[in-house]
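> next come a sequence and a model predicted from it.
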Amino acid sequence: MQQRLSQFQVQKLTLSPQIRQYLKFLQLPVQQIETVLEQEMNDNPALEVTPEDPSDEALPDDNKEETKTGDEQSSEEVEELNFQEQLKKLDELDENFKESLYTDFAKNPRGRSSEEDEKQTFLQSLITQKETLQDFLTFQMHMLELSEEEKTIVEEIIGNTNEDGYLTATVEEISASIQKSRESVENTLLKVQQMDPPGVFARSLGECLLIQLSRQSIDTHLAKNIVQNHLGLLEKRDFGKLSKKLKTSVEHIQEACSLIAHLDPKPGRMFFRDEALSVIPDASVYRDPEKDELVIEMNEEPIPRLRINPQFRKMLKEKGCDGKTKEFLKNKVNSALWLIRALDQRQSTLKEITKQIIHSQEDFFEQGFGALKPLRLKDIAQNLNIHESTVSRAISGKYIRTPLGTIPYKSFFSTKMESLEGNESQKSIMEKIRKLITSESSSKPLSDEKIAELLHTGGIKIARRTTAKYRELLKILPSYLRKNTPKRA
């Protein structure tokens, strides 16, 4: 082994700072742009928001010349005096602030009033992170009397538990991972399966339900038998067949099934992070009744109009500015210009992509999801002569307001499926499946095979298993669970 210097040539793609900034803004949804711009303005004093009122301008326009007479001072001297007056006012404000701060501190040594303390406590309570399932399980682990070996096993078990509370690794995998015997892992698992929430660390739905039933204070013998041996019949709610197999009345079967129905099949879901989703669309599309055409409006309200600080522009024109100061000013101004251009390019790119989507999916705005045509990122990229990854960045996490509601950009993209009338999109076929199930008879629901036959009659070639897959994506139950058998008189 030795250290040495060597030179070699290699070809690679290097993104300039300007391109990186453009891609960064392109990927951000509109609701996050304002936060990022505030941080950029804090870092770069040459960047500022354009005032809405022209009278708010701190300095006169660069092209405006001041008139003067022989008895008057030069414009440079007047500007210098104005600048000194501004500094004097700032000094006075600083002194007033210091005085008021000292007075407040004398009243409250901590520097805040009791009302402000209460407000601060309230705000801190809002940003406190919710306890996770892993946090709760780890806390319980420390309350148990465990050996060092058992602690190591429990930590591995907790690390392999998903958000539903189920153990995703087998006993053998855990044993091999931490080099412990299978018996030790199995015994420790049985011990920690008594932890809360009830049913945690189960390896299957049946085991999860059995753990919860074992902690009931009532007789659960029949319910355990159903879960252990007849879970399939329970899913089908076939009480008659369960009654025959277990040789008991239908009433007893229904009572046991009711007990099982009140158990939690996902014990970890009480720790799900329920975060409110506030969606601000990046664009709106509506039909202009006069022109009878779709109109696109980009949402630019949350994005402030930016400009270069006039003071920086003025200082750059001054001849007396030293080299280091001028270099600093140039860097800040150039950085601000790159940001403004990147922001404009972001809006322009997103608008062009939106135009292409509207052009390709015009029928959607009249007929809904059933009229969606196949559309790929590649199609948009080729039409705009940009890379496919650029389109992907542009639509990521962004929404568009339409007459049918606010929906994600990605909802307009779908793969192709063969049909007699041409190519159908995956989403339009899913919408057809939804409509067929919605209009079916509740006493005789359509099976996946029957739905595939009906679609085939309509010219769409689709397999039964594909129909079942789309039905599951729509979160629709299978036919035997949708059946609503009428009660006998």
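Now that the structure is in, tell me what you want to look at.

> name the helix or strand of the chain that has the lowest mean pLDDT.
Using mean pLDDT, DSSP states H and E, the weakest-scoring helix or strand in the chain turns out to be helix 75-107, at a mean of 43.

> next one: the longest helix anywhere in the chain to chain centre, how far?
Determined from DSSP state H, the single longest helix within the chain is helix 323-360. Mean-position distance between helix 323-360 and its chain equals 25 Å (CA atoms, centre = their mean, to the nearest Å).

> kindly export the next helix or strand after that helix (C-alpha atoms) in CSV.
Sequence order places helix 364-367 as the next helix or strand after helix 323-360, per DSSP states H and E. Extracted C-alpha coordinates of helix 364-367, given in CSV (Å, rounded to 0.1, in the frame of the first residue of the first chain):
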residue,chain,number,x,y,z
PHE,A,364,-61.2,14.2,-19.4
PHE,A,365,-62.5,17.7,-18.6
GLU,A,366,-65.9,16.8,-20.1
GLN,A,367,-66.4,13.1,-19.4
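
> residue 175: which element?
helix 171-178.

> continuing past that helix, what's the next helix or strand?
Later in the chain than helix 171-178, the nearest helix or strand by DSSP H and E is helix 182-192.

> packing partners for that following helix?
If you count contacts as 3 or more CB pairs under 8 Å, 6 or more residues apart in numbering; DSSP states H and E, helix 182-192 packs onto helix 148-159, helix 171-178. Any C-beta I mention is one placed from the backbone N, CA and C, and that applies to glycine too.

> redo the ones you listed as CSV? Include mean pLDDT.
Shown next, in CSV, are the helices and strands packed on helix 182-192 (pLDDT from 0 to 100):
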stretch, mean pLDDT
helix 148-159, 89
helix 171-178, 88
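
> nearest to residue 309, of the ones you listed?
Across the helices and strands packed on helix 182-192, residue 309 has its closest neighbour in helix 148-159 (51.7 Å, CB to CB).

> how near is the most centrally placed residue in the chain to residue 23?
Geometric centre of the chain, nearest residue: residue 397, 6.6 Å, by CA atoms, centre = their mean. Distance, residue 397 to residue 23, using CB to CB, to the nearest Å: 14 Å.

> which stretch among the helices and strands packed on helix 182-192 is buried most, on average?
Highest mean neighbour count of these: helix 148-159, a mean of 17 (counted as mean count of other CB atoms under 10 Å).

> got a list of contacts for that one?
Outside helix 148-159, the residues within contact range by CB atoms under 8 Å, 6 or more residues apart in numbering are 134, 137-138, 141, 144, 146, 167, 169, 174, 177-178, 180, 184-185, 188-189, 191-192, 201.

> if we go to 6 Å?
134, 137, 141, 174, 178, 180, 185, 188, 192 (CB atoms under 6 Å, 6 or more residues apart in numbering).

> ok, which stretches of the stretch 201-350 of the chain are strands?
With DSSP state E, counting those that start in this stretch as the criterion, the stretch 201-350 of the chain has strands at 283-288, 293-298, 306-308.

> flag whichever of these has the least confidence on average.
Mean pLDDT values for the strands of the stretch 201-350 of the chain show the minimum at strand 306-308, a mean of 85.

> quick one: residue 335 from residue 22, how far?
With CB to CB as the criterion, residue 335 and residue 22 are 14 Å apart.

> settle it for me: which of these two has more neighbours?
Set residue 335 next to residue 22 and count neighbours by other CB atoms under 10 Å: residue 22 wins out with 23 against 18.

> can you read off the pLDDT for that one?
pLDDT, residue 22: 80.

> quick one: contacts for the nearest residue to it once chain neighbours are set aside?
Excluding the flanking residues, the one nearest residue 22 by CB to CB, 6 or more residues apart in numbering is residue 342, at 4.2 Å. Residues in contact with residue 342 (CB under 6 Å, 6+ apart) are 21, 22, 25.

> tabulate the residues you listed (TSV), appending distance to residue 372 and secondary structure.
Putting the contacts of residue 342 into TSV (distance: CB to CB, whole Å; DSSP: H, G, I helix; E, B strand; the rest coil) gives the following:
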residue	distance to residue 372	secondary structure
21	34	helix
22	30	helix
25	29	helix
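
> quickly find the element holding the closest residue to residue 411 other than its chain neighbours.
Spatial nearest neighbour of residue 411, excluding adjacent residues (CB to CB, 6+ apart): residue 427 at 7.2 Å. In the assignment (DSSP H and E), residue 427 maps to helix 426-438.

> mean confidence for that helix?
For helix 426-438, the mean per-residue pLDDT is 82.

> with stretch 324-334 instead?
84.

> on that earlier part again, average pLDDT across whatever helix or strand comes next after the helix holding residue 427?
Note on helix 426-438: by DSSP H and E, the next helix or strand toward the C-terminus is helix 448-457. Average pLDDT, helix 448-457: 85.

> check which helices and strands the next helix or strand after helix 448-457 sits against.
Using DSSP H and E, the helix or strand that follows helix 448-457 in sequence is helix 464-473. Counting contacts by 3 or more CB pairs under 6 Å, 6 or more residues apart in numbering; DSSP states H and E, helix 464-473 packs against helix 448-457.

> one more pass at 10 Å, please.
Secondary-structure packing of helix 464-473 (3 or more CB pairs under 10 Å, 6 or more residues apart in numbering; DSSP states H and E): helix 426-438, helix 448-457.
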